[in-house]
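A.B. asks: Could you look at this predicted model? Sequence included:
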Amino acid sequence: MSGFVEKPEPIQVPGLVHLHTGKVRELYQNEAGDLVMVASDRISAFDWVLPTEIPDKGRVLTQLSLWWFDQLADLVPNHVLSTDLPAGAPADWAGRTLVCKSLQMVPVEAVARGYLTGSGLAEYQESRTVCGLALPEGLVDGSELPAPIFTPATKAEVGEHDENVSYEEVARQVGADTAARLRQATLAVYSRGRDIARDRGIILADTKFEFGSEAETLVLADEVLTPDSSRFWPADQWQPGRAQPSYDKQYVRDWLTSPESGWDRKSEQPPPPLPEQVVTATRAKYVEAYERLTGTSWS
């Protein structure tokens, strides 16, 4: 059992129809048929959406995504139409709301990896492959791959695991042409993001994208290159052969699996609220990632 510890009630706004409550985002549709995405301060770990929020997290994700969309505009179009607050929306939505194109979403998590870790490492240790792609011998946790690879996954519901799938399975699901364009766009965007991050002292180890289609054109959607969708490592602390320090919710995961939390991950009990020091440290990680990548201070 997993999912929401406490599922929130969506805010009702005149002129907007609530469509979906995700792990982090609330999704609405306006009267013009556009999507309105609102990034909350919720945080998830181990397939649970935790009862404790991280202040400013939703705004950091939204503003960082907007910054990246600008950096990537010459590679792929994106879904953003406006950042204007819908009429009647609560003031708290400011800075965390995007009005977006309504797209036909590709039912695949488009994952790119430039370094070996996470589920990719687990598969590599068993078979020397990741999503069926053969890799050289001798790689360890944190190793840089010879070249970035496209390792797609299925999209899971809240509380479920995404599952890695082969490129051939993606081609079977969405067609060979779409699969080829998806792989090309994913690796191009990853490579641009990796190079920009590297110039700022950050390693982009891996990331996942979501794409939709508009008149046969792939459009980058949802969030992009944030600490929620990516593994960012400080370059000056990179040391293959161990788990790397990161700019994401690893601090939360570490606390939940520590004796201090008192939580048994293998039980069916929901995780406990986060203590203030964990909330503060996690917020600082998100803000630091934003500031180092964009070169601007968070206010």
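C.D. replies: Nice, I can see it.

A.B. asks: tell me the contacts of Trp68?
C.D. replies: Contacts of Trp68 were listed using Cβ atoms under 8 Å, 6 or more residues apart in numbering, and they are Gly193, Val224, Leu225, Thr226. Using the backbone N, CA and C atoms, a C-beta is placed for each residue, glycine as well.

A.B. asks: cool, Ser191 as well?
C.D. replies: Ser191 neighbours (Cβ under 8 Å, 6+ apart): Pro148.

A.B. asks: Also Pro240?
C.D. replies: By Cβ under 8 Å, 6+ apart, the neighbours of Pro240 are Val140, Asp141, Gly142, Ser143, Glu144.

A.B. asks: and what of Lys7?
C.D. replies: Contacts of Lys7 (Cβ under 8 Å, 6+ apart): Thr21, Val49.

A.B. asks: what's the longest strand belonging to the chain packed up against?
C.D. replies: Determined from DSSP state E, the single longest strand within the chain is strand 202-214. When contacts are defined as 3 or more Cβ pairs under 8 Å, 6 or more residues apart in numbering; DSSP states H and E, strand 202-214 sits against strand 104-105, strand 110-115, helix 176-199, strand 217-221, strand 230-234, helix 276-294.

A.B. asks: C-alpha coordinates for that strand, CSV please?
C.D. replies: Taking Å, rounded to 0.1, in the frame of the first residue of the first chain, the C-alpha atoms of strand 202-214 are listed here in CSV:
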residue,chain,number,x,y,z
ILE,A,202,26.7,20.4,-11.4
ILE,A,203,26.5,16.9,-12.9
LEU,A,204,23.2,16.0,-14.5
ALA,A,205,23.3,12.3,-13.9
ASP,A,206,19.9,11.4,-15.4
THR,A,207,16.5,13.0,-15.9
LYS,A,208,13.1,12.2,-17.2
PHE,A,209,10.9,14.2,-19.6
GLU,A,210,7.3,14.1,-20.6
PHE,A,211,6.3,14.8,-24.2
GLY,A,212,3.0,15.5,-25.9
SER,A,213,2.1,15.8,-29.5
GLU,A,214,0.6,18.7,-31.4
